[in-house]
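**Q** just need the structure, nothing else, for what follows:
(chains A, B, C and D)
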Protein chains: 4
Amino acid sequence: MYSFKNDYAEGAHPRILQALSDTNLEQSEGYGCDEHSLAAVQLIKKRLGADADKADVHLLCGGTQTNLTAISAFLRPHEAAIGTNMSHIFVHETGAIEATGHKILTVPTTDGKLYPDGVNAILDMHPNDEHMVKPRLVKISNSTEIGSVYTLKELEDLSRFCREKKLLLYADGARLGSALTAAGNETTLADMRRLTDAFYIGGTKNGALLGEALVIVNDALKEDFRYHIKQKGGLMAKGRILGIQFEELFRDDLFFDLARHANAMAQLIVSSLKKAGYSFLTASPSNQIFPILPNTLIEKLHKNWAFYVWSKIDESHSSVRLVTSWATSAEAVRKFIEEFE
Amino acid sequence: MYSFKNDYAEGAHPRILQALSDTNLEQSEGYGCDEHSLAAVQLIKKRLGADADKADVHLLCGGTQTNLTAISAFLRPHEAAIGTNMSHIFVHETGAIEATGHKILTVPTTDGKLYPDGVNAILDMHPNDEHMVKPRLVKISNSTEIGSVYTLKELEDLSRFCREKKLLLYADGARLGSALTAAGNETTLADMRRLTDAFYIGGTKNGALLGEALVIVNDALKEDFRYHIKQKGGLMAKGRILGIQFEELFRDDLFFDLARHANAMAQLIVSSLKKAGYSFLTASPSNQIFPILPNTLIEKLHKNWAFYVWSKIDESHSSVRLVTSWATSAEAVRKFIEEFE
Amino acid sequence: MYSFKNDYAEGAHPRILQALSDTNLEQSEGYGCDEHSLAAVQLIKKRLGADADKADVHLLCGGTQTNLTAISAFLRPHEAAIGTNMSHIFVHETGAIEATGHKILTVPTTDGKLYPDGVNAILDMHPNDEHMVKPRLVKISNSTEIGSVYTLKELEDLSRFCREKKLLLYADGARLGSALTAAGNETTLADMRRLTDAFYIGGTKNGALLGEALVIVNDALKEDFRYHIKQKGGLMAKGRILGIQFEELFRDDLFFDLARHANAMAQLIVSSLKKAGYSFLTASPSNQIFPILPNTLIEKLHKNWAFYVWSKIDESHSSVRLVTSWATSAEAVRKFIEEFE
Amino acid sequence: MYSFKNDYAEGAHPRILQALSDTNLEQSEGYGCDEHSLAAVQLIKKRLGADADKADVHLLCGGTQTNLTAISAFLRPHEAAIGTNMSHIFVHETGAIEATGHKILTVPTTDGKLYPDGVNAILDMHPNDEHMVKPRLVKISNSTEIGSVYTLKELEDLSRFCREKKLLLYADGARLGSALTAAGNETTLADMRRLTDAFYIGGTKNGALLGEALVIVNDALKEDFRYHIKQKGGLMAKGRILGIQFEELFRDDLFFDLARHANAMAQLIVSSLKKAGYSFLTASPSNQIFPILPNTLIEKLHKNWAFYVWSKIDESHSSVRLVTSWATSAEAVRKFIEEFE
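**A** You can find the predicted model right below:
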């Protein structure tokens, strides 16, 4: 049984394990003040383009942790976040944002993306009325929860809209590596810095044991941020573990290479499925794909392959979610493809 | 410069790194449902004595995370925790418990411990009056924040008192390994299970990269606990990392051996300091010691040794905190001792 | 300019002002422990039918206050409320429920009501998965936010469904008086007690200066409730003010008489509008009606009458909200009707 | 039995009841946007001296409600309030502040007051360390919980200290009327505006049925404040009730006259007790006094007089709390005094 269930089924890229091993007995400062964490922060900043040194970078230990810490630190009590109705923070984080006191306002989506029009509809419904929450932060995921990737123009449009409307733009980058290395993508980390108020670079789903790097661009959001990390439980005593991993991922192009591999594996499957005549829930150039398959085929595939059924399409068809990762073997993909050739 | 600043200055015990490496390419379920996590839970349960299978064990990624998740899950909104005025949750977690909505009521301490009398004084001040919070959970740390260790009798007395008063007893075990292996200690993990409603076994400060194992004994506190872990950001996608580490720590006596080593190193320093005529802030048989030293000696020591000055004693003396760990080398301790011989 | 904007435009029914005056210099206990509050609670209990003495009744100072205090007291941190997408708690309380940490899951509605099917759809989407909140409390408003009134059968069906699914049923009764005296209504206060876990009887919008009476039926929700009222800021020092008012409202049938008058005034307008050929957003037998009018007529009416435009229907028509109260004069209604005859 | 238990045992001053009655059938806007609320705000601003029009004034429905709404709106999640260990928010509001997520740091007091030295000790313990909360708001009560009144110089010193240290100064004025009319007091409402960032003027304990007027002086704290009032449940639908009452209290000197009467009644008792040789827990020129009496006398007094025993002094003496109000009759005071003459 081989799994395409997710991109966190294996451990870490061997170079990361090696780095942990090589540095193991060094004595270092705790709580992210060690030299590896500081070096990792510098390596990430170098990727952020002009003014990069003005950004703050914090290493946290997971995606939900990062989202809840950032959003609760950025908002005042009466302010709300806006996301799609598929948004991870809205559906799959057990009310973590609401647990910090904030409502999430949702915009329906079919392709996983949030557009200015959808955000504007929310603003129209909240006309400066103290009986309603105040929309303040727009949260996107890139790639999205269903694998789609924002074009650079879409990001620029949304960013411009948010600035006009005095909304913060925050990007959940659990799978940002996959988005930025997807075929046709023009967006860079420097663009993410230029266009958002804050975003995070996901390590957990791209080759690290754990770890996300939060980049805070907007000066107004930076003050005292480490207090929030500590209060919400995300400040690791052995912060070095995060530093060592991100140092390795960004020492050269490892972070991007791993994501590129994951995408390539997924797209091999996409090509093959298209050739075989299958359609998809939405276009995805990234490492999560959602083909629509006959239930009989799904049943057959499940004998040797682990993956999630995503949604019912009609009586005899369902969409499924297939996820590849830095660790997905070309050999496994080849065998999987044979199943429906 | 050698550091006695804390017990999280190094990485992980080599056996743990090896185990992470050996299992690295196994595909496993996410979020703590993998086989290593399940096995680790079983190994821990075996140490809990009779009825051990009735306890729930959850693996979380840090101490503050564990404390805030457990306490907020266990209490209703109007209920408060009780701890000493040195309590980690009161002083050093950036208001993490209050951030989940709960007050901490404090009892002054000089030896770091909480006794029935102190708790009773809090109860006397809160006589079933809806204008005040309702004391509900007693939180201790074993070993304490200043290295002292509860005797078995002290734990039994406090446990009996809590049950009489319908108070929950929760033990922060960030350094439980050190406590349970300290000279003179009679308490076991089975006693901790027998005497508390919940407690955690700290991995981060005893040889793991990260990880704490929360043991929930009281049935009324078990329901839906994984929802709380997820909501507070502590449910790791690669939960296997916690499982693999605790599996290694409890496969044999590694957990206890590491703690015993840390204690031995600290006690070597204690003996030597006593011989040299120095006194201590409080008696500590564990891996944190607080000698009172002349400021001139402290200054001299700081040239080659890193450690924290804890508190001012008088114009010419201060207490300092020295912490040893599984990784502390006997060679370093020997050299350190020479400094004041 | 006469206002049909809401049912809280005037002060209190003269009998209430008289009672406040008559009792003014009595010295009484604070915080709802005075004799008037105790008497009011008994008078309300008498209306609750068999087992009425088993219900707890608390007097609070406003609707949002009551909703947020009750819901946050009833739920554990990971549990969510379910309401319609028009629900007052979802739209018009500035995220008060989320500010206490709880998500609200919504069901789309056109008639303002929540039915078992809609709730069931929410349950289907939340299949005991710790990555999502746990639906736990169903919140309805009777009458609803758009004036419709649940039939007794609808309440019985929803109540039965909730009990089967272990969901709590909580009814916001800001306008319960109007619902229970509406033409065709068969539901009584005793039915509300029998069918819900908790509900409140709104005073503010039915002749009191302020005040809502929360009835807690379910034993499991009663413990320590006054702590929650205090913590959330709703325990009035001069609680007697609430007691005196509810005593007056329930000493005889004043509460119901006032609501009946409000309904009668609204229904006079409904009849007249129907006669004139206008339709309505939804059928409402209560004191809030939502006729669909030509924009030209709305403009004309606004010269002499204050009311809110509710929603755009088409280019030339909008729905408006007209609200009557215990204080609405028959004379004003007569003149208003003449405008479109 | 006559009660000296508190200053909220009676209803409202007759002029207030009359004003409620006179305006009863006026139709007005809801939620504090009515003409009476606007007029009351203007009348209060007139008392605030130069730049008074720059202050924002909000009418809320109770003291705990005002404290929790203001403090949670003013602080970011990691910031803490500082108060005395007798502070109402710390002891007697059921953890209302903590329930909004904020820790209260306490300074021991014997006279009920907070001084720069005490606040400074808290700052010294919190040296910009993200592992601890960040002290940010100093909360005083004037008069204090034990009846003492800050001198103008004490307020000026504390204010200067807070501004130097970038701390917000917030004054709970539940009994501000009593403080400002106490013998020897030099502080005015204009001084309160000049020296604090925000403070409230208590109505409930000085002749109103309910109501507190929050004055926000610091521009940075003003934005969107009404959202917070609504979210926390304090925005009354019939906000006019608060407006009408404060309009009456500040139309002339009624507010101060009522407080002056309360003080005079208390001080009659003080003089008489002093003459009889009794001492006091602390000097109080206000309407709350804390004489130390023999337990035998307390027992005797309790036959005809209701009041609280405050604290045990020694085996045969206790301190008691006697509270007078706008409604305390000179006749009752005369009779009470006779008891110990």
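**Q** residue contacts, A:Phe290?
**A** A:146-147, A:280-282, A:284, A:310, A:319-322 (Cβ atoms under 8 Å, 6 or more residues apart in numbering or on different chains). Using the backbone N, CA and C atoms, a C-beta is placed for each residue, glycine as well.
**Q** now the residues you listed in JSON lines, with pLDDT?
**A** Output for the contacts of A:Phe290, formatted as JSON lines (pLDDT from 0 to 100):
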{"residue": "A:Ile146", "pLDDT": "96"}
{"residue": "A:Gly147", "pLDDT": "97"}
{"residue": "A:Phe280", "pLDDT": "96"}
{"residue": "A:Leu281", "pLDDT": "93"}
{"residue": "A:Thr282", "pLDDT": "91"}
{"residue": "A:Ser284", "pLDDT": "97"}
{"residue": "A:Trp310", "pLDDT": "95"}
{"residue": "A:Ser319", "pLDDT": "96"}
{"residue": "A:Val320", "pLDDT": "97"}
{"residue": "A:Arg321", "pLDDT": "98"}
{"residue": "A:Leu322", "pLDDT": "98"}
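**Q** also within reach of chain B: list those from the residues you listed.
**A** Residues of those in contact with chain B (Cβ under 8 Å from any Cβ of the partner chain): none.
**Q** is the nearest residue to A:Leu195 once chain neighbours are set aside in a helix, a strand, or coil?
**A** Of all residues not flanking A:Leu195 in the chain, A:Ser159 sits nearest, at 3.9 Å (Cβ to Cβ, 6 or more residues apart in numbering or on different chains). Per DSSP: H, G, I helix; E, B strand; the rest coil, the secondary structure class of A:Ser159 is helix.
**Q** hang on, isn't A:Ser159 packed against A:Ala171?
**A** No. Using Cβ atoms under 8 Å, A:Ser159 is not in contact with A:Ala171; the gap is 10.0 Å.
**Q** out of those two, which sits in the more crowded spot?
**A** Under the neighbour definition other Cβ atoms under 10 Å in any protein chain shown, A:Ser159 and A:Ala171 were set side by side, and A:Ala171 has more, 25 against 21.
**Q** pretty sure that one is in a strand, no?
**A** Yes. Counting by three-state DSSP, A:Ala171 falls inside a strand.
**Q** quickly note the distance from it to A:Gly83.
**A** Relative to A:Gly83, A:Ala171 is positioned 11 Å away (Cβ to Cβ, to the nearest Å).
**Q** spit out the residues that contact the two alike.
**A** Residues touching both A:Ala171 and A:Gly83 (Cβ under 8 Å, 6+ apart) are A:139-140.
**Q** who in the stretch 101-250 of chain A is up against chain C?
**A** Going by Cβ under 8 Å from any Cβ, the residues of the stretch 101-250 of chain A near chain C are A:101-103, A:130-133.
**Q** take these and lay them out in a markdown table including distance to A:Leu152, secondary structure and pLDDT.
**A** Output for these, formatted as a markdown table (distance: Cβ to Cβ, whole Å; DSSP: H, G, I helix; E, B strand; the rest coil; pLDDT from 0 to 100):
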| residue | distance to A:Leu152 | secondary structure | pLDDT |
| --- | --- | --- | --- |
| A:Gly101 | 34 | coil | 98 |
| A:His102 | 29 | coil | 98 |
| A:Lys103 | 30 | coil | 98 |
| A:Glu130 | 38 | coil | 97 |
| A:His131 | 39 | coil | 97 |
| A:Met132 | 33 | coil | 98 |
| A:Val133 | 31 | coil | 98 |
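**Q** what about the strands in chain A?
**A** With DSSP state E as the criterion, chain A has strands at A:2-3, A:56-60, A:79-84, A:104-107, A:134-141, A:168-172, A:198-202, A:212-216, A:279-280, A:288-289, A:291-294, A:305-306, A:308-314, A:317-323.
**Q** the fourth one near chain B at all?
**A** No. With Cβ under 8 Å from any Cβ as the measure, strand A:104-107 is seen stopping short of chain B, the closest distance being 13.8 Å.
**Q** in its sheet, what does that strand sit against?
**A** According to DSSP bridges, strand A:104-107 forms sheet pairs with strand A:79-84 (parallel).
**Q** between the partner strand and strand A:134-141, how big is the angle?
**A** Inter-element angle recorded for strand A:79-84 and strand A:134-141: 40 degrees (by axes from the mean of the first three to the mean of the last three Cα atoms, to 10 degrees).
**Q** outside of strand A:79-84, which residues touch it?
**A** A:71, A:75, A:89-90, A:97, A:102-109, A:112-114, A:118-119, A:122, A:133-140, A:144-145, A:167, A:170, C:95.
**Q** could I get it in CSV with only the CA atoms?
**A** C-alpha atoms of strand A:79-84 as CSV (Å, rounded to 0.1, in the frame of the first residue of the first chain):
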residue,chain,number,x,y,z
GLU,A,79,-12.0,42.8,13.9
ALA,A,80,-12.6,39.8,11.7
ALA,A,81,-10.8,37.8,9.1
ILE,A,82,-12.1,37.1,5.6
GLY,A,83,-11.4,33.8,3.8
THR,A,84,-13.1,31.4,1.4
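**Q** helices along the stretch 101-250 of chain A, start to end?
**A** With DSSP state H, counting those that start in this stretch as the criterion, the stretch 101-250 of chain A has helices at A:116-125, A:152-164, A:176-180, A:189-195, A:225-231, A:240-251.
**Q** what would the ones you listed look like in JSON lines with mean pLDDT and distance to C:Asn304?
**A** Formatted as JSON lines, those follow (pLDDT from 0 to 100; distance: least, Cβ to Cβ, whole Å):
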{"stretch": "helix A:116-125", "mean pLDDT": "97", "distance to C:Asn304": "29"}
{"stretch": "helix A:152-164", "mean pLDDT": "98", "distance to C:Asn304": "40"}
{"stretch": "helix A:176-180", "mean pLDDT": "98", "distance to C:Asn304": "59"}
{"stretch": "helix A:189-195", "mean pLDDT": "98", "distance to C:Asn304": "52"}
{"stretch": "helix A:225-231", "mean pLDDT": "98", "distance to C:Asn304": "54"}
{"stretch": "helix A:240-251", "mean pLDDT": "98", "distance to C:Asn304": "68"}
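**Q** could you give the bridge partners of the closest residue to A:Lys312 other than its chain neighbours?
**A** Take A:Lys312 and drop its neighbours on the chain: the residue closest to it by Cβ to Cβ, 6+ apart is A:Ser318, 5.4 Å away. Listed by DSSP bridges, the beta-bridge partners for A:Ser318 are A:Leu293, A:Lys312.
**Q** wait, what's in contact with A:Ser318?
**A** A:292-293, A:295, A:298, A:309-312.
**Q** quick check: which of the helices of the stretch 101-250 of chain A is buried the most?
**A** Among the helices of the stretch 101-250 of chain A, the stretch with the highest mean neighbour count (mean count of other Cβ atoms under 10 Å in any protein chain shown) is helix A:176-180, at a mean of 29.
**Q** what's that one packed up against?
**A** Here helix A:176-180 touches strand A:198-202, helix A:254-275, going by 3 or more Cβ pairs under 8 Å, 6 or more residues apart in numbering or on different chains; DSSP states H and E.
**Q** distance between it and the chain's centre?
**A** 8 Å (Cα atoms, centre = their mean, to the nearest Å).
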